[in-house]
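Engineer: Output the structure for:
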Amino acid sequence: MRSILAAVCLLAPAAFAQDSQAELIQKLLSRIDSLEKRVAELEQSKGGAPAVAQVPAATPVPAATPLPAATPLTAQSTPPATLHDHDAVPAPPANEETLPSYPFLKIAGFADVDFAASNLHGPNGGFGAQTMLNQHSGFQEGQFVLHFTSALSSKVTVFSELSLTARSDAGTGSPPATGFNAEVERLIIRYDVNDFFKVSFGRYHTPINYWNTAFHHGAWLQTTISRPEMTQFGGSFLPVHFVGSLVEGAAPAGGLNFNYNVGVGNGRGQVISRDGDFGDINNSRAVLVNLFVKPDFLYGLRIGGSFYHDQLNPLTAPAAEEWIQSGHVVWAKETPEFIAEFANVTHKPNSGGVTSNSQAGYVQTAYRLPIAKKMFKPYFRWEYIHVPQSDVIFRNAVPTFSGSTAGIRYDITNFAAFKAEYRNYQRRALPSVYGVFLQTSFTF
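Structural biologist: Residues are numbered from 1 along each chain as shown. Predicted coordinates for the structure are as follows:
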């Protein structure tokens, strides 16, 4: 009826020339009445009510898989979350005719190429190979890393991380050593009951500090070229990997956003830089608890602490009981970025020897400059490790030092970056080490 009225109104200007306004209104109303009667007669003659267009019901869209937040496109923003901090599994695509199809696999890759030039001409004093503190300067192929993430159902996910690392002894020995070491860094299957309760099994990056779970083997993810020595891959201060089971979750807690991880599994291997992939070396499981909050009122802030306990049976030292306590404060912003961590490791020999405490910590700051499309990000880190001579577990495996790192990151795209940094390490009873390090890192 509105269309009829509109059509009639279009004739109004011509009518105004011949009739007064009152007469015109009366004619329009009469015309509308006659049209309404005519429509009613037509409907009655057809013997039914006016047809109503039928709109098909919308195809229901399956709920998204309740998984952690996806890794951001750039490393400039908050560090990526994972299965305790790893890439989220995307919901399988659905259309009007099909339900989600499982499994749904996503693959992401990371790699880096490095250059190092330092004054090191003797023993590295316990620093791991990942620091690039080598006796020879030159280029180095970094790790090639693949992330495999798959949804098996709306509540079950699998995550795996595979790395390939160049070997310095490639081609030597009998049979000749291969050119690269292949390592399953992580392999996790997780069942999400709800946000507060998730249970998983597999090989993890041990969630007993912040860096170890926020930044993985892809160097592009972190601001700097190097990791802090206390969390170094291949290092011994903290158990970087953990094989077992975790229960984890999060709760709003009045805006504090409380998160927890509770785990039990195999402890360190006889080589203490390795975990017990093949099984525990004794009948005592390692246990860990990790708690942190991320309050709404200070978005980007994270405060937390961890506890870890295990029984050690190392190859080159007496069996001992190990306790680790750690804490962290993080401001995960670009302007500025701030990360501070501290850890204390207590070793008590089972034979009744001296109980020792070794400490490590670092403070890292960075700031993304507002110039040149915000592609430059200078950074600085100060760190230290102190191992007393009484610590028979660590004194020959972990360096005692204090050091500083200054550098700048330049993001050439959302998926690749150049980094340059200078490091100066002061070592106990050994000459200091300093050098320049360059890296291009990327994700694909």
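
Engineer: Ramachandran angles for A40?
Structural biologist: phi -60, psi -40 (degrees, to the nearest 10).

Engineer: Quick check: can you list the domain ranges of this structure?
Structural biologist: Segmentation of the chain into domains, based on automatic domain parsing, reads 2-46, 104-443.

Engineer: can you give me the strands in the stretch 101-250 of the chain?
Structural biologist: 104-118, 138-141, 144-151, 156-166, 180-192, 198-205, 241-251 (DSSP state E, counting those that start in this stretch).

Engineer: can you put those strands in CSV and add mean neighbour count?
Structural biologist: Placement of C-beta: from N, CA and C, glycine included. Putting the strands of the stretch 101-250 of the chain into CSV (neighbours: other C-beta atoms under 10 Å) gives the following:
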stretch, mean neighbour count
strand 104-118, 17
strand 138-141, 12
strand 144-151, 20
strand 156-166, 20
strand 180-192, 17
strand 198-205, 22
strand 241-251, 20
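
Engineer: Least reliable of those by average pLDDT, please.
Structural biologist: Mean pLDDT is lowest for strand 138-141 among those, at a mean of 91.

Engineer: packing partners for it?
Structural biologist: With contacts taken as 3 or more C-beta pairs under 8 Å, 6 or more residues apart in numbering; DSSP states H and E, strand 138-141 sits against strand 104-118.

Engineer: Who are the packing partners of the strand it packs on?
Structural biologist: strand 138-141, strand 144-151, strand 433-443.

Engineer: picking that back up, lowest-confidence stretch among the domains of the chain?
Structural biologist: Across these, domain 2-46 has the smallest mean pLDDT, namely a mean of 58.

Engineer: returning to that earlier point: okay if I get the helices and strands packed on strand 104-118 as CSV plus distance to G171?
Structural biologist: Shown next, in CSV, are the helices and strands packed on strand 104-118 (distance: least, C-beta to C-beta, whole Å):
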stretch, distance to G171
strand 138-141, 15
strand 144-151, 19
strand 433-443, 26
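
Engineer: who wins for proximity to Y260 among the ones you listed?
Structural biologist: Set against Y260 and scored by C-beta to C-beta, these come closest in strand 144-151, at 22.8 Å.

Engineer: So what are the sheet partners of that closest one and their directions?
Structural biologist: strand 104-118 (antiparallel), strand 156-166 (antiparallel) (DSSP bridges).

Engineer: Tabulate those (CSV), appending distance to H241.
Structural biologist: Converted to CSV, the strands paired with strand 144-151 look like this (distance: least, C-beta to C-beta, whole Å):
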stretch, distance to H241
strand 104-118, 18
strand 156-166, 11
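
Engineer: Of all those strands, which one is nearest Y425?
Structural biologist: strand 104-118 (9.3 Å).

Engineer: now that closest one, how far from the centre of its chain.
Structural biologist: In terms of C-alpha atoms, centre = their mean, to the nearest Å, the centre of strand 104-118 is found 15 Å from the chain centre.

Engineer: That strand vs strand 433-443, what angle?
Structural biologist: Here strand 104-118 runs at an angle of 160 degrees relative to strand 433-443 (axes from the mean of the first three to the mean of the last three C-alpha atoms, to 10 degrees).

Engineer: Alpha carbons of strand 104-118, in PDB - could you do that?
Structural biologist: Provided in PDB are the C-alpha atoms of strand 104-118 (Å, rounded to 0.1, in the frame of the first residue of the first chain):
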ATOM      1  CA  PHE A 104      41.800 -29.500  10.300                       C
ATOM      2  CA  LEU A 105      45.600 -28.900  10.000                       C
ATOM      3  CA  LYS A 106      47.500 -25.600  10.000                       C
ATOM      4  CA  ILE A 107      51.200 -25.400   9.300                       C
ATOM      5  CA  ALA A 108      53.500 -22.400  10.000                       C
ATOM      6  CA  GLY A 109      57.200 -22.000   9.500                       C
ATOM      7  CA  PHE A 110      60.000 -20.000  11.100                       C
ATOM      8  CA  ALA A 111      63.700 -19.600  10.100                       C
ATOM      9  CA  ASP A 112      66.700 -17.300  10.600                       C
ATOM     10  CA  VAL A 113      70.100 -16.600   9.200                       C
ATOM     11  CA  ASP A 114      72.800 -15.200  11.500                       C
ATOM     12  CA  PHE A 115      76.200 -13.600  11.500                       C
ATOM     13  CA  ALA A 116      78.500 -13.400  14.500                       C
ATOM     14  CA  ALA A 117      81.900 -11.700  15.100                       C
ATOM     15  CA  SER A 118      83.300 -11.900  18.700                       C
END
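
Engineer: Good, we can wrap up now.
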